[in-house]
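Here is the input, now give the coordinates:
(2 chains)
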Amino acid sequence: MSCKSDDAVSAIVGEMLMLTLVLILMTVFAATASSFLPPARDPSVTVLLPSGIPVAIYHKGGDAIPLSEIRVMINEAELDRYTWTLYDIKGEQIIARDGLFDLGGYISIVGGSATKGDRIKLATSRSVIFTGVIP
Amino acid sequence: MNDDALSPVIAVMMILVVVVTLFSVWNAIYLPGFKQQAEVEHLKDVEVSFHKIDENIRNMIVLRRTGVMTETIPLGGGDILIHQMRSGGNLTLGPPEKVITVSDSTGNLVVESTVIPITYSPVSNFWQNMGFEWRYGIINVTKGTVSSPRLYSNYSQATSEWFTRIVNREGQEIFLANIIAGDPSSASGNAIVQVRMDGQWGINFIASFDNPINLTVDTSTDFGKKVNESVFSELEYYWNPTEEKYSIIDSSVSLYNLTISVR
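Below is the predicted model of the structure:
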């Protein structure tokens, strides 16, 4: 009768299990890593805020911001979505959520929601693009 | 079988994977981000240069200064410490747009007064295809075919601020500005270029009753119409409504040439 030694079986199985575990963890980490990474840079937009009623914020160059990302704040309180409207350079209203606040476009704020001397902020969900005082 | 070396090899491989992953993330996300940020700074420098060019042109024409003023524009940018590659740019002057025609009593063309645009357009930009244009005394921001005046809400508001004081009258002297492109009139690359503004007195006419000098403003463009309003406020006395031109009969007409070139 022959006798085989199986001393190494547990060690190899253990090593393989560890390897599998590590590979699974790495895969999960790799799949979700992008959401943990901080953004490379914040959007850079040149903004013009002229005097006059209604208050309007003009895009004068830089990154285009999707409508769904835009937040308008007056005196640190976010305005309701229906109190401001986004227009493109031709003066046509942008309604689609993926429509862009781009060069020549402007955000018009309904009269009464913002008045002279108010502190105004334009922001996205992750950064403030512009802060100013309504002239 | 001796498997003593197995764990260190796997460990080193894992570390290698982590290093390669981090390098990939750097190359895919952060490096373009840094390049874009550097390009944002570069385009700010270009914009500042355009504002200075505008100031210089206005000063030279209003004060009728002879001599040379220069301003530099970095055509390329976007270089960072660990990635020195730069984008390029193209600066062009012109084409000239005729505004006023000066003719003598026989109706022959003597000289034309023109204006030229100055245009910067980026090439292989790391951020956005954003350029600048100086035209009629205002600065426009361009992105592809879209253009918007930098300092004004919209185009109609900017037209009221066009630089239209091309003709100035001081007593019996009339001065006519002429903005022309010198040689060379364009530059391309990623280096710094110099915009050279050379103001010199041009031809001088002495008008008389027997030999009037006629100024005809080209009103076929919006800019021409605005210039005509400005000229009319200066030379209303000489307006000849039947021939729709200004007939100068008792003054001198001096041309001030502002030649713009790039080096």
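
Which positions in the stretch 101-250 of chain B make contact with chain A?
Applying Cβ under 8 Å from any Cβ of the partner chain, one finds that the stretch 101-250 of chain B approaches chain A through B:128, B:130, B:141, B:143, B:146, B:147, B:148, B:150, B:151, B:152, B:153, B:154. C-beta here means a position set from N, CA and C on the backbone, and glycine is covered the same way.

Out of those residues, list just those in strands.
B:130, B:141, B:143, B:146, B:147, B:148 (DSSP state E).

And these, which of them are buried?
If you count burial by 16 or more other Cβ atoms under 10 Å in any protein chain shown, the buried members of those come out as B:130, B:141, B:143, B:146, B:147, B:148.

wait, isn't the last one in contact with residue A:104?
Yes. Under the contact definition of Cβ atoms under 8 Å, residue B:148 touches residue A:104, with a separation of 3.7 Å.

what's the burial count for residue A:50?
By the measure other Cβ atoms under 10 Å in any protein chain shown, the count of residues near residue A:50 is 15.

Let me know whether it touches residue A:56 as I believe.
Yes. In this structure, residue A:50 is within contact of residue A:56 by Cβ under 8 Å, at 7.1 Å.

got a pLDDT number for residue B:160?
Confidence per residue is given as pLDDT, and for residue B:160 that number is 87.

Neighbours of it, how many?
Residue B:160 is flanked by 9 other residues according to other Cβ under 10 Å.

what's the closest of the ones in strands among the residues of the stretch 101-250 of chain B next to chain A to residue B:192?
Of all these, the one with the least separation from residue B:192 (Cβ to Cβ) is residue B:130, at 18.7 Å.

need the contact list for that closest one.
For residue B:130, the contact set (Cβ atoms under 8 Å, 6 or more residues apart in numbering or on different chains) comprises A:61, A:62, A:103, B:43, B:122, B:141, B:142, B:143.

Please list all residues in contact with the residue of the stretch 1-150 of chain B found nearest chain A.
Nearest residue of the stretch 1-150 of chain B to chain A (Cβ to the nearest Cβ) works out as residue B:33 at 2.4 Å. Contacts of residue B:33 were listed using Cβ under 8 Å, 6+ apart, and they are A:39, A:40, A:41.

One more: residue B:153?
Here residue B:153 is in contact with A:48, A:50, A:56, A:58, A:106 (Cβ under 8 Å, 6+ apart).

Counting neighbours, what do you get for the residue lying closest to residue A:69 once chain neighbours are set aside?
The shortest distance from residue A:69 to any residue other than its chain neighbours is 4.4 Å, reached at residue A:124 (Cβ to Cβ, 6 or more residues apart in numbering or on different chains). A count of neighbours around residue A:124, defined by other Cβ under 10 Å, yields 17.

from memory residue A:124 sits against residue A:73, does it?
No. Taking contact to mean Cβ under 8 Å, the distance of 11.6 Å between residue A:124 and residue A:73 leaves them out of contact.

before we move on, the earlier item: now, among the contacts of residue B:130, which is nearest to residue B:221?
Checking the contacts of residue B:130 against residue B:221 with Cβ to Cβ, the nearest one is residue B:142 at 19.4 Å.

The closest one and residue B:148, how far apart?
8 Å (Cβ to Cβ, to the nearest Å).

Switch the residues of the stretch 101-250 of chain B next to chain A over to CSV; also include distance to residue A:33 and pLDDT.
Compiled in CSV, those are given as follows (distance: Cβ to Cβ, whole Å; pLDDT from 0 to 100):
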residue, distance to residue A:33, pLDDT
B:128, 28, 90
B:130, 32, 95
B:141, 37, 96
B:143, 33, 94
B:146, 37, 93
B:147, 41, 94
B:148, 39, 95
B:150, 40, 94
B:151, 44, 94
B:152, 45, 92
B:153, 44, 90
B:154, 44, 87
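
For chain B, tell me whether stretch A:91-103 is touching it.
Yes. When contact is scored as Cβ under 8 Å from any Cβ, part of stretch A:91-103 falls within range of chain B: A:102, A:103.

distance between that stretch and the chain's centre?
Shown here is stretch A:91-103, whose average C-alpha point lies 16 Å from the average C-alpha point of the whole chain (Cα atoms, centre = their mean, to the nearest Å).

List the buried residues of it.
Applying a neighbour-count criterion of 16+ other Cβ under 10 Å, one finds A:94, A:99, A:100, A:101, A:102, A:103 buried in stretch A:91-103.

quick one: contacts for the fifth one?
Taking Cβ under 8 Å, 6+ apart as the definition of contact, the neighbours of residue A:102 are A:59, A:64, A:65, A:88, A:89, B:143, B:146.

picking up where we left off before, could you identify which of the contacts of residue B:33 has the most neighbours?
Sorting those by how many neighbours each has (other Cβ under 10 Å) puts residue A:41 first, at 18 neighbours.

shouldn't that residue be in contact with residue B:38?
No. At 10.3 Å, residue A:41 does not count as touching residue B:38 under the criterion of Cβ under 8 Å.

Any stretches of chain A with poor pLDDT?
A:1-3, A:34 (pLDDT under 70).

swap the cut-off to 80 and go again
A:1-9, A:30-40 (pLDDT under 80).

State whether residue B:25 is indeed within a strand.
No. Inclusion of residue B:25 in a strand is not indicated when DSSP: H, G, I helix; E, B strand; the rest coil is applied; the result is helix.

follow-up on the earlier one: need the residues touching each of residue B:148 and residue A:104.
Between them, residue B:148 and residue A:104 have A:58, A:59, A:60, A:89, B:154 as joint contacts when contacts are counted by Cβ under 8 Å, 6+ apart.

Quick one: residues contacting residue B:85.
Contacts for residue B:85 (Cβ under 8 Å, 6+ apart) come out as B:78, B:79.

and it, what element?
For residue B:85, there is no enclosing helix or strand under DSSP states H and E.

Return the per-residue confidence for it.
According to the model, residue B:85 carries a pLDDT of 91.

One more: residue B:26?
Residue B:26 carries a pLDDT score of 84 in this model.

any idea how far the closest residue to chain A within the stretch 151-263 of chain B is from residue A:59?
Residue nearest to chain A within the stretch 151-263 of chain B (Cβ to the nearest Cβ): residue B:153, separated by 5.4 Å. With distances taken as Cβ to Cβ, residue B:153 is found 11 Å from residue A:59.
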